[in-house]
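*Asks:* the sequence isn't on hand, but the structure is:
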Ligand SMILES: [Mn+2]
């Protein structure tokens, strides 16, 4: 029963709940393996509430998000501490809703593995994934856990292969994981390269079927509340500007750890979500 797997929430931008079916907004409030700041389970609702303080009209796209064919479908009831059970629940919900387009509010980065696995097995056999992330998340295991946020790219790579993945904004890694990432053949551009040449963002995002935005890709001065903040990050507007030229079918916003609607991180995430809903409604 779908109603047992979903909890209603204050809808993002006061969009209708459980109604429209083109762009599905789903919260996945799962945090289990986070190793520094915790609390991403509270972020989907903080971001939704923050959206109530913003205009529904996008100045950048000259469209009102309330006119998008989009609905908020609330939050998936996750199983704290149990990734496989949470993945099962995500599969059950996505099987029943069968979204054409999806905006996921996380939650830790591990949920991207669950949604991508579902997409590959149920929707498209081939996707091009652009991961915006300060970290390479390419550990084989992290603290004995293969379902850790620090292993999410490694697990996705095992499904997608190297040629369909690009990491943007990378700027920290263990020496070993960086060597393994380079040996894997996965393409990546550091935050430093992107700062010198912003067109990298646009040319990669243009190709993306799936965009996963780990909020630590942004500089901590813009996003103080993310699980593993890292200095020298990207400017959010530069990323949004490039996103406007993209046509993905699925976007997730993950590793946000704010719990209140007035937090700068929640307000930024709500603004990015508004642009993403309109982008997904193409
Ligand atoms: Mn990260």
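*Replies:* Perfect, thanks for sending it. These numbers were taken from a predicted model, which means no experiment stands behind them. Residues are numbered from 1 along each chain as shown.
*Asks:* show me which residues of the stretch 51-200 of the chain sit near the ion.
*Replies:* Where the stretch 51-200 of the chain comes near the ion, counting by CB under 5 Å from the ion, the residues are 133, 135. C-beta: built from backbone N, CA, C; applies to glycine.
*Asks:* check the offset of the helix or strand residue 45 falls within from the chain's centre.
*Replies:* Using DSSP states H and E, the element containing residue 45 is helix 43-51. Mean-position distance between helix 43-51 and its chain equals 14 Å (CA atoms, centre = their mean, to the nearest Å).
*Asks:* contacts for the following helix or strand past that helix next, please.
*Replies:* Per DSSP H and E, helix 43-51 leads on to strand 57-58 as the next helix or strand towards the C-terminus. Strand 57-58 is contacted by residues 63, 64, 65, 274, 275, 278 when judged by CB atoms under 8 Å, 6 or more residues apart in numbering.
*Asks:* which helices and strands sit right next to the very next helix or strand once past strand 57-58?
*Replies:* The C-terminal neighbour of strand 57-58 among helices and strands, as given by DSSP H and E, is strand 63-64. Judged by 3 or more CB pairs under 8 Å, 6 or more residues apart in numbering; DSSP states H and E, the packing partners of strand 63-64 are strand 57-58.
*Asks:* please repeat the previous calculation with a cut-off of 10 Å.
*Replies:* strand 57-58, helix 264-280 (3 or more CB pairs under 10 Å, 6 or more residues apart in numbering; DSSP states H and E).
*Asks:* so which bits of the helix or strand of the chain with the lowest mean pLDDT are buried?
*Replies:* The weakest-scoring helix or strand in the chain, judged by mean pLDDT, DSSP states H and E, is helix 2-5 (a mean of 88). Neighbour-count burial for helix 2-5 flags residue 5 (criterion: 16 or more other CB atoms under 10 Å).
*Asks:* could you dump the helices and strands packed on strand 63-64 to TSV with mean neighbour count?
*Replies:* Formatted as TSV, these follow (neighbours: other CB atoms under 10 Å):
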stretch	mean neighbour count
strand 57-58	16
helix 264-280	23
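*Asks:* who wins for proximity to residue 161 among those?
*Replies:* Closest to residue 161 of the helices and strands packed on strand 63-64, according to CB to CB: helix 264-280, at 25.2 Å.
*Asks:* all strands for the stretch 1-150 of the chain, in order.
*Replies:* Ranges of strands in the stretch 1-150 of the chain, per DSSP state E, counting those that start in this stretch, are 6-7, 23-28, 57-58, 63-64, 70-76, 101-106, 129-132.
*Asks:* returning to that earlier point: tabulate the helices and strands packed on strand 63-64 (TSV), appending distance to residue 99 and mean pLDDT.
*Replies:* Below are those laid out as TSV (distance: least, CB to CB, whole Å; pLDDT from 0 to 100):
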stretch	distance to residue 99	mean pLDDT
strand 57-58	21	98
helix 264-280	10	98
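*Asks:* the ion versus residue 70, what's the distance?
*Replies:* Distance, residue 70 to the ion, using CB to the ion, to the nearest Å: 27 Å.
*Asks:* hang on, that residue packs against residue 281?
*Replies:* Yes. Applying CB atoms under 10 Å as the test, residue 70 and residue 281 come out as touching, 6.1 Å apart.
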